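Student: kindly generate the corresponding structure for this input.
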Amino acid sequence: MRITIGDSKTYVPAEEVHMPRVSAVPYSEMDSELKAIVHASDEALNGSEWVQYFCHPTELYKSFVKFYYAHVASEEYGISWKLSEMMRHMVAVHNACTL
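Tutor: Here you go, the predicted structure:
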């Protein structure tokens, strides 16, 4: 795998390239709107741990959630949940994500 470091392209073995890690935002530090998103995710998907990692840019994440559920995950115009989960899984596998 070639990655760019500065102005040069360097070869790095694939097993040495890891997905960047971010820390989870503690539930106690979330505002009420984020806590509502967590609760809705728990109800619909039986889990919400991923929200803690995606919500670092809080206002951007809230806007994304509104857009995603209105236009992407809708039954009428969106993609199916099965396809969405398959894509999410394949990205995680590609990035060696263990979340």
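Student: drop to CA atoms for contacts and neighbour counts, all remaining ones
Tutor: Noted.
Student: list the residues that contact the residue nearest to the spatial centre of the chain.
Tutor: Closest to where the C-alpha atoms of the chain average out (CA atoms, centre = their mean) is Phe54, at 5.3 Å. For Phe54, the contacting residues are Tyr61, by CA atoms under 8 Å, 6 or more residues apart in numbering.
Student: distance check, it against Ser48.
Tutor: 11 Å (CA to CA, to the nearest Å).
Student: before we move on, what about Ser80?
Tutor: Counting by CA to CA - Ser80 and Ser48 are separated by 19 Å.
Student: what values do phi and psi take at the residue nearest to the centre of the chain?
Tutor: phi -90, psi -20 (degrees, to the nearest 10).
Student: low-confidence regions, the chain specifically.
Tutor: Within the chain, the stretches with pLDDT under 70 are 1-20, 73-75, 77-78, 98-99.
Student: just the strands in it please.
Tutor: 2-5, 8-11 (DSSP state E).
Student: what's the distance between the spatially closest residue to Lys62 that is not a sequence neighbour and His71?
Tutor: Excluding its sequence neighbours, the residue lying closest to Lys62 (CA to CA, 6 or more residues apart in numbering) is Leu34, at 7.4 Å. Distance, Leu34 to His71, by CA to CA: 20 Å.
Student: Leu34 contacts Leu60, correct?
Tutor: No: counting by CA atoms under 8 Å, Leu60 is not a contact partner of Leu34; they are 11.5 Å apart.
Student: those two - which one has more neighbours?
Tutor: Leu34 (19 against 11; other CA atoms under 10 Å).
Student: do a quick rundown of the helices in the protein.
Tutor: If DSSP state H is used as the criterion, the helices of the chain fall at 32-45, 51-54, 58-67, 81-94.
Student: most packed of these?
Tutor: helix 51-54 (a mean of 16; mean count of other CA atoms under 10 Å).
Student: now do the contacts for the nearest residue to Tyr61 once chain neighbours are set aside.
Tutor: Spatial nearest neighbour of Tyr61, chain neighbours left out: Cys55 (5.4 Å); criterion: CA to CA, 6+ apart. With contact set as CA under 8 Å, 6+ apart, Cys55 has these partners: 25, 61-62.
Student: thank you kindly, that will do.
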